[in-house]
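[1] Pasting the sequence and the predicted model now:
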Amino acid sequence: MAGAWPLIGRIRKARKEHIFLIIADAMRADVIGKVVNGREVTPNLNRLAAEGIYFSSAYAAAPFTKPSVASIFSGMYPPGHGVEHQVFSLPDCITLPKFLSGKGYYAIGIVANPFLTAEKGPAKSTKPMDFGFSAGFDYYRSGFGKRASLPEELKVLEGYVGGETMNRCFARAYDPAERSFAKDAAVFVYLHYMDSRQPWVKMAPVKGITGAFHVGPRASEDECYAQDAELIRELLLGAFPKTEDAVERVRAVCLEGCAYADRAIGELLDLLRRKGIYEDSTIIFTADHGDELLEHGCVGHMINLFNTTLAVPLVIKRRGMAHVEVSTRVSNAMILPTVMEWFGSELEHTNLFSLMPYVEKKGLPNVQIFASLFGKDKVIMPDGREAMGHEGGILYFNMAKDPAEKSPLAEDAEALDAMRRERFRAVSLAKEAGVVRRFSMRPWQNPWAESQNKAAAELEKSGKLTAEESARLKSLGRFIPEAGLKKLEGDLAAIKIDASAMSAPERDQLRALGYLH
């Protein structure tokens with residue numbers, strides 16, 4: 001339910017080192033260190049990068065939030081965890097919050113992106129399911145809803161809660177009067193900010209940020225805001241800018257969004273300093289994806305697999321680790337294996353591994369990067385050769401010679417084979433570990449949820465299924481009409497959606513209930 005505050009009051013004692021995972025939605029990698037009009041776009045993140053380990057060539061596993069965050073949490077590529085469409089949710093598997101929870105951490109999640117809302121059980125239940133993005137958290141706040149109402153002509157600009165609200169929620173969750181964890185407990189905190197995501201424009205001009213990154217003659221903040229809002233309104237309605245001035249304005253407004261996010265994250269880091277926990281805390285900062293800004297003819301993400309939507313910032317600040325910049329290509333899906341290594345553990349069911357060797361040793365080859373979008377895949381081989389699914393075909397590039405991906409090459413059989421092998425390995429390893437694709441329980445994410453509910457309600461009414469059994473079966477894709485599954489397979493290119501696969505005991509149970517023959 002929007003605005004709900006699920007809170008499970010488990011008391012834990014653990015080591016005092018806190019771990020923060022901070023994600024700035026849709027923040028491109030190239031904003032870190034960027035200076036426009038003599039001003040840093042992200043001064044607070046620049047400072048964090050200068051203190052910690054800065055991975056200057058990091059990539060996301062997908063160009064949209066759900067599969068990318070699922071990869072960050074699980075250490076698996078999208079074909080492994082199965083979140084390859086908005087209809088799916090993070091499966092029941094080892095995740096960052098679950099792992100740290102098992103190590104005695106009290107886990108707090110504060111998330112402004114609605115697609116990461118907790119998956120709830122039977123009707124009227126406030127208890128989260130054992131899967132989804134809230135699984136493993138003791139305290140999870142999501143579903144903030146829309147911003148306050150806007151004038152009718154700007155309704156399309158309604159967006160997401162601002163970082164200042166996120167910070168207030170964290171302060172409340174961490175306040176001694178509010179928290180339900182032991183004073184000396186270690187805490188894992190996941191904060192997902194939306195200020196850097198479209199529509200970028202705030203409710204009103206923001207002093208010191210609005211217009212700060214525009215080039216050319218300077219207008220007043222009010223004039224600049226009015227022009228920005230109108231351009232973004234048109235953009236969100238599908239009208240891409242046609243003049244170079246308009247293109248530059250879109251890019252400037254995007255930078256403003258990154259500056260908003262940086263300001264909020266800076267306020268959070270200042271809060272940690274005031275509480276005396278900054279120095280001893282591990283802080284991991286990244287983005288779930290970037291944004292295309294007309295480099296390939298479009299604006300936004302969830303559109304293609306070009307590096308403009310996959311290249312993301314990645315910084316790790318940890319006590320005892322000296323600053324270093326790592327230019328080796330890595331994936332931010334390597335975060336979980338890295339954290340597990342800090343605790344002497346290893347993630348087995350993945351083709352990913354820890355980032356630490358790339359910090360401790362120089363000269364190691366690039367990681368082979370893999371990413372996926374609705375069943376279309378991309379690989380960047382260590383030598384820079386690429387294969388990428390795009391508009392019904394495969395494009396080939398060489399990053400070493402063409403980093404902007406402007407000049408497609410002839411077919412590269414080795415790159416194509418590498419791309420296919422990464423998918424096969426991800427699926428095979430997940431299958432060996434028993435990872436099963438899960439469907440979202442949210443009707444606005446799963447268009448067949450209502451038909452699932454209707455079919456399952458009949459079995460519940462007759463006493464053949466409990467509400468809990470029904471909810472679990474729905475999360476596994478049962479009761480979805482065959483036409484719906486075929487539609488989903490079409491959306492996901494060549495991926496086969498098997499919602500009939502179930503364990504032998506499940507099959508026997510449903511057969512005994514008369515649901516299977």
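    It's in.
[2] Please enumerate the helices of the stretch 301-450 of the chain.
    Counting by DSSP state H, counting those that start in this stretch, the stretch 301-450 of the chain has these helices, from start to end: 307-310, 335-342, 356-360, 413-432, 449-461.
[3] Tell me the helices and strands packed up against the last one.
    Judged by 3 or more CB pairs under 8 Å, 6 or more residues apart in numbering; DSSP states H and E, the packing partners of helix 449-461 are helix 467-475. C-beta here means a position set from N, CA and C on the backbone, and glycine is covered the same way.
[4] Can you spell out which helices and strands pack onto the helix it packs on?
    Counting contacts by 3+ CB pairs under 8 Å, 6+ apart, helix 467-475 packs against strand 438-439, helix 449-461.
[5] where in the stretch 301-450 of the chain is pLDDT low?
    Low-confidence regions of the stretch 301-450 of the chain, defined here as pLDDT under 70, do not occur.
[6] please redo it, this time with the cut-off set to 90
    Residues of the stretch 301-450 of the chain meeting the criterion pLDDT under 90: 301-302, 348-351, 362-363, 391-392.
[7] Buried residues, the lengthiest helix in the chain. List them.
    For the chain, the helix that runs over the most residues, judged by DSSP state H, is helix 244-274. Going by neighbour count (16 or more other CB atoms under 10 Å), the buried part of helix 244-274 is 246, 248-266, 268-269, 272.
[8] and what of stretch 102-117?
    Within stretch 102-117, the residues that count as buried by 16+ other CB under 10 Å are 103, 105-117.
[9] same deal with stretch 295-308?
    296, 298-301, 303-308.
[10] Of these, just say which sits nearest to residue 470.
    residue 301 (35.1 Å; CB to CB).
[11] Please tell me how far that closest one sits from residue 214.
    Per CB to CB, to the nearest Å, residue 301 is found 23 Å from residue 214.
[12] Please identify which helix or strand holds the most centrally placed residue in the chain.
    Per CA atoms, centre = their mean, the C-alpha nearest to the average position across the chain is that of residue 69, at 3.0 Å. For residue 69, the element it lies in under DSSP states H and E is helix 65-74.
[13] Give me the number of neighbouring residues for the closest residue to residue 470 other than its chain neighbours.
    Excluding its sequence neighbours, the residue lying closest to residue 470 (CB to CB, 6 or more residues apart in numbering) is residue 456, at 4.2 Å. Neighbourhood size, residue 456 [other CB atoms under 10 Å]: 21.
[14] One more: the one 4 residues further on?
    The local packing of residue 460 (other CB under 10 Å) involves 17 other residues.
[15] mind listing what it touches?
    Neighbouring residues of residue 460 by CB atoms under 8 Å, 6 or more residues apart in numbering: 466-467, 470.
[16] Check the gap between it and residue 132 for me.
    As judged by CB to CB, residue 460 and residue 132 stand 21 Å apart.
[17] wait, what's in contact with residue 297?
    Contacts for residue 297 were tallied using CB under 8 Å, 6+ apart; they are residue 240.
[18] Can you report phi and psi for residue 465?
    Torsion angles at residue 465 (phi, psi; degrees, to the nearest 10) stand at phi -140, psi 140.
[19] Ignore what I typed, I meant residue 57.
    Taking degrees, to the nearest 10 as the convention, residue 57 sits at phi -130, psi 60.
[20] how far away is it from residue 243?
    Distance, residue 57 to residue 243, using CB to CB: 33 Å.
[21] again with residue 279
    Distance from residue 279 to residue 243, by CB to CB: 49 Å.
[22] before we move on, back to that, please name the residues that touch the residue nearest to the centre of the chain.
    23, 90, 116, 133, 192, 288.
[23] which residue packs closest to the fourth one, ignoring adjacent ones?
    The reference is to residue 133. With sequence-adjacent residues excluded and distances taken as CB to CB, 6+ apart, residue 133 is closest to residue 116, at 4.4 Å.
[24] Give me the pLDDT for that neighbour.
    According to the prediction, residue 116 has pLDDT 94.
[25] swap in residue 149?
    Looking at residue 149, the pLDDT reads 54.
[26] Mind jotting down where the strands sit in the stretch 201-350 of the chain?
    For the stretch 201-350 of the chain, applying DSSP state E, counting those that start in this stretch gives strands covering 282-286, 292-293, 299-300, 311-317, 324-326, 330-331.
[27] tell me how far the last one is from the chain's mean position?
    Its chain's C-alpha centre and that of strand 330-331 lie 15 Å apart, by CA atoms, centre = their mean, to the nearest Å.
[28] Next: the longest one.
    On the basis of CA atoms, centre = their mean, the separation between the geometric centre of strand 311-317 and that of its chain is 13 Å.
[29] can you list contacts of that strand?
    So strand 311-317 is contacted by 24, 27-32, 45, 48-49, 51-55, 57-60, 282-290, 330, 332, 338, 355 (CB under 8 Å, 6+ apart).
[30] Alpha carbons only: can I get that strand in PDB?
    C-alpha atoms of strand 311-317 as PDB (Å, rounded to 0.1, in the frame of the first residue of the first chain):
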ATOM      1  CA  ALA A 311      27.700   3.200 -18.200                       C
ATOM      2  CA  VAL A 312      27.200   4.200 -14.500                       C
ATOM      3  CA  PRO A 313      29.200   5.700 -11.700                       C
ATOM      4  CA  LEU A 314      30.500   3.300  -9.100                       C
ATOM      5  CA  VAL A 315      32.300   4.300  -5.900                       C
ATOM      6  CA  ILE A 316      33.200   2.300  -2.800                       C
ATOM      7  CA  LYS A 317      34.400   4.100   0.400                       C
END
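[31] Work out the sheet partners of that strand and label each with its direction, please.
    According to DSSP bridges, strand 311-317 forms sheet pairs with strand 53-59 (antiparallel), strand 282-286 (antiparallel).
[32] Equivalent analysis for the second one, please.
    Using DSSP bridges, the neighbouring strands of strand 292-293 in the sheet come out as strand 299-300 (antiparallel).
[33] any idea of the mean pLDDT in the partner strand?
    Here the average pLDDT along strand 299-300 is 86.
[34] chain center to that strand: distance?
    Distance of strand 299-300 from its chain centroid, counting by CA atoms, centre = their mean, is 17 Å.
[35] For that strand, which outside residues touch it?
    198, 235, 240, 250, 291-293.
[36] Alright, calling it a day.
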